[in-house]
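Engineer: here is a sequence together with a model predicted from it:
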Amino acid sequence: MRIGMGLNYSGGFAETVEEVGDLEKAGLDIAFVPEAYSFDAVSQLGYLAAKTSTIELASGIFQIYTRTPSLTAMTAAGLDFVSNGRFVMGIGASGPQVIEGFHGVKYDAPLGRTREVVEICRKVWRREKVEYQGKYYQVPLPAEKGTGLGKPLKLINHPVRERIPILIASLGPKNVELTAEIAEGWEPIFFHPEKAASVWGEPIAKGKAKRDPSLGELQVYASPALAIGDDVDHMLDWVRPSLALYIGGMGAKGKNFYNDLAIRYGYEEAAAKIQDLYLAGKKDEAAAAVPDELVRAISLIGPESYVKERVAAFAEAGVTTLNVTPLAADRAGRVALIEKFRKICD
């Protein structure tokens with residue numbers, strides 16, 4: 001089992017990078033830099049590449065609407081170059097609140113656009129002349145849509161790899177099916193090992209049936225919170241606000257992907273209550289309404305023996321990387337936690 005960790009995007013990045021160096025020595029395999037409506041991930045990934053040597057570096061995630069497909073490919077190739085082949089390109093559709101609210105770009109056709117972005121990126125990395133006439137992207141732009149002066153071009157530089165791993169963050173059945181078909185990796189949110197097969201098993205099987213064997217086995221990146229000890233049960237409450245935010249506040253009623261996921265997990269009544277409370281501004285009450293069973297199932301919080309059992313459960317459900325959030329008060333605590341977790345995973 002590989003170990004990953006998402007980095008904080010709210011500030012203090014220089015200190016975070018120093019910590020990543022310690023985490024790398026402690027056994028962390030991959031670090032993710034998010035790109036919500038924060039600083040861009042690219043500049044920080046480039047800085048990380050210069051400060052680390054072995055750890056993989058991933059975008060977590062590039063939103064498919066905010067860069068052209070060719071720029072996405074160029075950016076990934078550049079990051080792979082400065083990191084000496086250690087970059088993993090995480091992409092996803094994000095949601096209309098961010099895409100339309102912050103970027104002013106229409107949120108439409110996430111499946112079709114994702115497929116076309118991936119296909120164009122791989123053309124760029126192979127240094128083919130980019131000629132692509134898709135439903136959503138046409139390269140070069142047809143004459144009737146522009147000046148008519150565009151011509152097919154290929155990337156000037158030679159990428160370190162012509163197949164940079166692509167990881168897609170997806171939730172809905174069709175999105176997950178597409179991910180299992182075209183991507184090297186899949187990043188679900190709030191992964192519940194015991195319910196994963198019933199929620200995602202069919203779309204994953206459908207996608208794998210169409211999968212190119214050259215992609216290898218689908219890598220699965222789950223993202224549990226982590227705390228190891230005999231007195232850490234109270235930290236389950238640290239997870240609740242995040243669950244309440246996503247289930248209750250990430251979208252309007254009927255347009256919240258995370259609320260839909262909670263329903264598919266079997267928590268329809270709780271999902272409705274959390275959303276009602278959160279949208280009414282009662283965030284603490286919404287967090288308290290998150291079912292204990294759900295919080296515990298998607299987390300790695302408990303004694304060492306229990307965490308070891310849960311790691312086995314995640315592995316049995318197909319997870320290959322545990323992209324953890326260490327629940328510790330300081331840098332030393334987080335590093336010690338990753339060291340301890342490394343021994344469990346080995």
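Structural biologist: On my side now, so go ahead.
Engineer: how many neighbours does Asn8 have?
Structural biologist: The burial count assigned to Asn8 is 14, neighbours taken as other C-beta atoms under 10 Å. Where you see a C-beta, it was placed from the backbone N, CA and C, and this is true even at glycine.
Engineer: pretty sure it is touching Thr16, no?
Structural biologist: Yes - judged on C-beta atoms under 8 Å, Asn8 makes contact with Thr16 at a distance of 6.0 Å.
Engineer: for Leu277, give me its contacts.
Structural biologist: 244, 248, 283, 285-286, 289 (C-beta atoms under 8 Å, 6 or more residues apart in numbering).
Engineer: ChimeraX command to pick out the buried ones of those?
Structural biologist: In ChimeraX syntax, the buried subset of these is picked out as below (16 or more other C-beta atoms under 10 Å):
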select :244,248,286,289
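Engineer: compute the first-to-last residue distance for stretch 208-221.
Structural biologist: Using C-alpha to C-alpha, to the nearest Å, the gap from the first to the last residue of stretch 208-221 comes to 17 Å.
Engineer: which residues in the protein form strands?
Structural biologist: 2-6, 30-33, 56-59, 62-63, 87-92, 132-133, 138-139, 166-169, 185-187, 219-222, 225-228, 300-302, 321-326 (DSSP state E).
Engineer: now render those as TSV, adding distance to Arg264 and mean neighbour count.
Structural biologist: Below are the strands of the chain laid out as TSV (distance: least, C-beta to C-beta, whole Å; neighbours: other C-beta atoms under 10 Å):
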stretch	distance to Arg264	mean neighbour count
strand 2-6	24	19
strand 30-33	25	24
strand 56-59	26	25
strand 62-63	24	24
strand 87-92	18	25
strand 132-133	34	14
strand 138-139	36	18
strand 166-169	17	24
strand 185-187	16	25
strand 219-222	16	23
strand 225-228	21	22
strand 300-302	22	23
strand 321-326	21	22
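Engineer: among these, which comes closest to Lys123?
Structural biologist: Smallest distance to Lys123 across the strands of the chain (C-beta to C-beta): 6.7 Å, for strand 132-133.
Engineer: each with direction, which strands does that closest one pair with?
Structural biologist: Within its sheet, strand 132-133 is paired with strand 138-139 (antiparallel), according to DSSP bridges.
Engineer: quick one: contacts of the partner strand?
Structural biologist: Residues contacting strand 138-139 (C-beta under 8 Å, 6+ apart): 69-70, 120, 130-133, 145, 150, 152.
Engineer: counting neighbours, which of those comes out on top?
Structural biologist: Highest count within those by other C-beta under 10 Å belongs to Pro69, 23 neighbours.
Engineer: what's the closest non-adjacent residue to that residue?
Structural biologist: Spatial nearest neighbour of Pro69, chain neighbours left out: Ile120 (3.8 Å); criterion: C-beta to C-beta, 6 or more residues apart in numbering.
Engineer: hang on, that neighbour packs against Glu128?
Structural biologist: No - using C-beta under 8 Å, Ile120 makes no contact with Glu128, being 10.0 Å away.
Engineer: any low-confidence regions in the protein?
Structural biologist: 9-11 (pLDDT under 70).
Engineer: that one: helices as residue ranges?
Structural biologist: For the chain, the helices defined by DSSP state H occupy 13-26, 41-51, 69-82, 96-99, 110-125, 173-182, 196-209, 236-244, 257-264, 268-279, 283-288, 292-297, 304-316, 331-345.
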